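[1] just a sequence and a predicted model for now, questions to come.
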Amino acid sequence: MATIKPFKAIRPSRDKAALATARSYDEYSPKELKSVLNYNPYSFLHIIKPGYSTNEELSGEDRFKLVHKSYLNFKKEDIYKKDEKSQFYLHEKSFENDTFWGIIAVAHVDDYKNNIIKKHEDTLKSREELFGNYLGITGFNAEPVLLTYPDNNYINRIHRKYSQKRSEYEFTTHTKRLHKLWVIDDELDIRNIEKEFSKINAIYIADGHHRTASSAFLANKRKENNPNHTNNECYNYFMSYLISDANLKISAFDRLITDLNGYSKKEFLEKLNEFYIIENRKPKKYQPSKKHHFSMYIDGDYYSLYLRKTDYPINNALSDLDTHIIHKTILKPILGITDLKTDPRIKCLPATFSKKQLKKAVDSGKYAVGFGLYPVSVNQLKAVVNEDLRMPPKSTYIEPKLRSGLTIFEIDE
């Protein structure tokens, strides 16, 4: 059963929450990053990008130590303060027609090791060790792992109860995302939330596989070096954002390819015909409306591609995924692309970035062809995990994305 616990968050003072929190570091362009660091002294980016003001370029453990020092300075200046008691935190994020909410808590690494917290991606040992060492030196989690659980009536009632109250934080970012946060400090509510999660047999990692694995790596390392290990130390936990699967949004990644691997357009379409029913939609935009349907943009026209299921065997959860299908029928055998992570001829972009992404990319001349996919469903994701399989890279773009530094969990408490 899942072990989900409250914790004493280190978080910004109410007046500085909008300024202190930040998007994930890798989402910033160099120009935007420079602007934030120059004009916002409260940004969490100053902690994870230490040495900016002094032009110090550090790497490895030296950089990790400076991150820790910068974090302590933010606490010393009361930009961040620690709550006095362990509690849960209810977070809500709204943008246009989407509203996401979830509970910020800590989860136990044993649940990850024992497959109660399940994964759909493999992780790299080198990155596990790198991030594990980073956690060990800096001493905190600042960006939670996104976990999803089966929709739960009691936890839904908790959301309704607290969302009717005045929130601890309420701010809108320059990207028009509205964030609210409530503190769940009622002892009965806290106990009941723990109890509800303890009934759940399986929780799934939606986003943050390497963060989870690095926490497990650190916990193993600390356990080996602690003769008085009890399994209750803070290093056995990692900060998580728990959202019901009914409230999760999964979008697809578009595939953009620079060339046709030596084929002419006519030859390429003939190759596609082996596995797909092809229809030229002309300049009219086409978007797939169900799984096993694909859109393609090439030479100024959109095409619909419908999988010929009699020619493609679907015998497990992985073979049912459109990301696997397009790899097995187009990317690898026709275009010669074997690895999405390393091949420079392909780029994958979330379909949410632009409604005309395929057209713009191909019309620019940088890419020869683009493919749009129907999003993977939560049930498909779970089916892959439950069969102990792994999803191909860039299968899911999952929302919500949380801001770094909204709540911080100290590993060395």
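    All right, it came through fine. Numbers count the residues shown, from 1 in each chain.
[2] residue ranges of the strands in the stretch 251-400 of the chain, please?
    Counting by DSSP state E, counting those that start in this stretch, the segments of the stretch 251-400 of the chain that form strands are 253-257, 276-282, 293-298, 301-307, 346-350, 369-373, 397-399.
[3] my bad, should have said the stretch 51-200 of the chain
    Assigned by DSSP E, counting those that start in this stretch, the strands in the stretch 51-200 of the chain fall at 80-82, 88-95, 98-108, 117-118, 140-141, 145-149, 169-172, 178-184.
[4] would you turn those strands into CSV with mean pLDDT?
    Formatted as CSV, these follow (pLDDT from 0 to 100):
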stretch, mean pLDDT
strand 80-82, 95
strand 88-95, 96
strand 98-108, 97
strand 117-118, 96
strand 140-141, 96
strand 145-149, 97
strand 169-172, 94
strand 178-184, 97
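[5] check those for me and report the most buried one.
    Mean neighbour count (mean count of other Cβ atoms under 10 Å) peaks for strand 145-149 among the strands of the stretch 51-200 of the chain, with a mean of 24. Where you see a C-beta, it was placed from the backbone N, CA and C, and this is true even at glycine.
[6] and it, how far out from the chain's middle?
    Here strand 145-149 shows a centroid-to-chain-centroid distance of 9 Å under the convention Cα atoms, centre = their mean, to the nearest Å.
[7] just want the angle from it to strand 98-108.
    Strand 145-149 runs at 100 degrees relative to strand 98-108, counting by axes from the mean of the first three to the mean of the last three Cα atoms, to 10 degrees.
[8] got the contact list for strand 145-149?
    With Cβ atoms under 8 Å, 6 or more residues apart in numbering as the contact definition, strand 145-149 has outside contacts at 2, 107, 117, 197, 200, 203-208, 211-212, 238-245, 248, 378, 398, 400, 402.
[9] among those residues, which lie within strands?
    Among these, the members falling in strands (DSSP state E) are 107, 117, 203-207, 238-244, 398.
[10] rewinding a little: can you redo the strands of the stretch 51-200 of the chain as JSON lines with distance to S35?
    Below are those laid out as JSON lines (distance: least, Cβ to Cβ, whole Å):
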{"stretch": "strand 80-82", "distance to S35": "22"}
{"stretch": "strand 88-95", "distance to S35": "22"}
{"stretch": "strand 98-108", "distance to S35": "27"}
{"stretch": "strand 117-118", "distance to S35": "37"}
{"stretch": "strand 140-141", "distance to S35": "25"}
{"stretch": "strand 145-149", "distance to S35": "27"}
{"stretch": "strand 169-172", "distance to S35": "18"}
{"stretch": "strand 178-184", "distance to S35": "21"}
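[11] and of those strands, who's closest to K347?
    Nearest of the strands of the stretch 51-200 of the chain to K347, taken as Cβ to Cβ: strand 145-149 at 23.9 Å.
[12] just want the angle from that closest one to strand 237-244.
    On the basis of the same axes, to 10 degrees, strand 145-149 is oriented at 40 degrees to strand 237-244.
[13] still on that earlier bit, which two among the ones in strands among the contacts of strand 145-149 are spaced furthest apart?
    Pairwise across the ones in strands among the contacts of strand 145-149, and taking Cβ to Cβ, the largest span is found between F238 and S244, at 19.7 Å.
[14] so for the residue of the chain most remote from its centre, what's the pLDDT?
    No residue in the chain sits farther from the centre than K266, which is 38.9 Å out by Cα atoms, centre = their mean. For K266, the pLDDT comes out at 96.
[15] any idea how far it lies from N280?
    Distance, K266 to N280, by Cβ to Cβ, to the nearest Å: 12 Å.
[16] follow-up on the earlier one: S13: which of the strands of the stretch 251-400 of the chain is closest?
    Going by Cβ to Cβ, the one of the strands of the stretch 251-400 of the chain nearest S13 is strand 397-399, 27.7 Å.
[17] what does that closest one rub up against?
    So strand 397-399 is contacted by 98, 100, 146, 206-207, 248-253, 350-352 (Cβ under 8 Å, 6+ apart).
[18] out of those, which are buried?
    Buried members of the contacts of strand 397-399, scored by 16 or more other Cβ atoms under 10 Å, are 100, 146, 206-207, 248, 250-253, 350-351.
[19] flag the shaky bits of the chain, pLDDT-wise.
    Counting by pLDDT under 70, the ranges of the chain that qualify are 51-56, 58, 413.
[20] tell me the domain ranges of it?
    What automatic domain parsing lists as the domains of the chain is 4-248+399-410, 253-395.
[21] off-centre distance for the last one?
    To tie it back to what came earlier, the one meant is domain 253-395. Its chain's average C-alpha position is 22 Å from that of domain 253-395, according to Cα atoms, centre = their mean.
[22] next: stretch 200-211.
    Worked out by Cα atoms, centre = their mean, stretch 200-211 lies 10 Å from the chain centre.
[23] convert the C-alpha atoms of it to CSV, please.
    Extracted C-alpha coordinates of stretch 200-211, given in CSV (Å, rounded to 0.1, in the frame of the first residue of the first chain):
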residue,chain,number,x,y,z
ILE,A,200,-4.2,2.4,-3.1
ASN,A,201,-2.3,-0.6,-4.5
ALA,A,202,-0.6,1.2,-7.4
ILE,A,203,0.4,4.8,-8.1
TYR,A,204,2.0,5.7,-11.4
ILE,A,205,4.9,8.1,-12.2
ALA,A,206,3.5,10.6,-14.8
ASP,A,207,6.6,12.8,-14.9
GLY,A,208,9.9,12.7,-13.0
HIS,A,209,11.4,9.2,-13.5
HIS,A,210,15.0,10.3,-13.0
ARG,A,211,14.1,12.5,-10.0
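[24] hmm, who's touching it?
    The contact list for stretch 200-211, computed with Cβ under 8 Å, 6+ apart, reads 1-2, 107, 111, 116-124, 127-128, 131, 141, 143-150, 152, 197, 212, 238, 242-243, 245, 248, 381-382, 385, 396, 398, 401.
[25] hmm, V183 is touching H91, no?
    No: under the criterion of Cβ atoms under 8 Å, V183 makes no contact with H91, lying 10.7 Å away.
[26] how about D412, secondary structure?
    Three-state assignment for D412 (DSSP: H, G, I helix; E, B strand; the rest coil): coil.
[27] which residues touch it?
    139, 234-235.
[28] now which of the residues you listed would you call buried?
    139, 234-235.
[29] closest to G370 out of those residues?
    Nearest to G370 out of the buried ones among the contacts of D412 is G139 (Cβ to Cβ; 44.0 Å).
[30] state the distance from R157 to I193.
    In terms of Cβ to Cβ, R157 sits 11 Å off from I193.
[31] no further queries at this time; thank you.
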